[in-house]
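Q: 3D, please:
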Amino acid sequence: MSNYVLVIDTNRKPLTPCSPGTARRLLKAGKAAVFRRYPFTLVLKKAFEGDPEPCELKIDPGSKTTGLALLKGNAVVWAGELSHRGQAIKKALEKRRAVRRSRRHRKTRYRKPRFLNRTRTKGWLPPSLNHRVETTMTWVNRLRKLCPIASISQELVRFDTQKLQNPETSGVEYQQGELFGYEVREFLLQKWGRKCAYCDAENVPLEVESPQPPFPRGATGG
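A: Numbers count the residues shown, from 1 in each chain. Prediction:
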């Protein structure tokens, strides 16, 4: 992988990344200075006129690490990994919960019960997941200030774990595995509000019924 150096001009405008050789010549000639150590970035001592060559940012999200890569055409300009603190956050929350529970058995001052302190706002995410999203967004915004990013793409992968559970699964048995028909059922449940399509019954086992006129296809009670 070729190593490139990020460059900005004196007005903090992101420019096309340059090669290490060019960066050394700029530093030696006094035309640039080190702006940031990581990712290594130079700042020019004059303004740049014109449009720099755009780059593309690719994101590969994961539960423990998230990969980031800057591409200029087919060349990788910069690549890095974000290590998430999901497990550390989970352990810290469990420790705090244990301390709060132990308070019930200690001789401490009376604390008046708080009212509606467990409500969750719209769009609430678990702390570990929220940390993952905010950390990724922080680095995306940071790279946008140092590199002329024209597009951002994120890898989204959908898969099942049948091969992990049973490597010998193949053929029709693999094609119609545990997830077979799951999306259809979820679609019908969402469409009919998780109620029976005929009697609007709720909280009962529902089944998918084949379309037979004049009845619509939907979830029916057992």
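
Q: Grab the nearest non-local neighbour of residue 149.
A: Excluding the flanking residues, the one nearest residue 149 by C-beta to C-beta, 6 or more residues apart in numbering is residue 57, at 4.9 Å. In short, each C-beta sits where N, CA and C put it, glycine included.

Q: So in terms of bridging, what pairs with that neighbour?
A: residue 70, residue 152 (DSSP bridges).

Q: Next one: it relative to residue 143, how far apart?
A: Distance of residue 57 to residue 143, given as C-beta to C-beta, to the nearest Å: 6 Å.

Q: hey, what's in contact with both of those two?
A: Listed as contacting both residue 57 and residue 143 by C-beta atoms under 8 Å, 6 or more residues apart in numbering are 68, 70, 149.

Q: quick one: the residue nearest to residue 149 and residue 152 touch, right?
A: Yes: counting by C-beta atoms under 8 Å, residue 57 does reach residue 152; the two are 4.7 Å apart.

Q: can you list residues touching both of these two?
A: What both residue 57 and residue 152 touch, as defined by C-beta under 8 Å, 6+ apart, is the set residue 140.

Q: the more surrounded of these two?
A: Shown here are residue 57 and residue 152; by other C-beta atoms under 10 Å, residue 57 has more neighbours (21 against 12).

Q: Give me the pLDDT for residue 115.
A: Note for residue 115: predicted pLDDT of 73.

Q: what about residue 53, how many residues close to it?
A: Count around residue 53 with other C-beta under 10 Å applied: 11.
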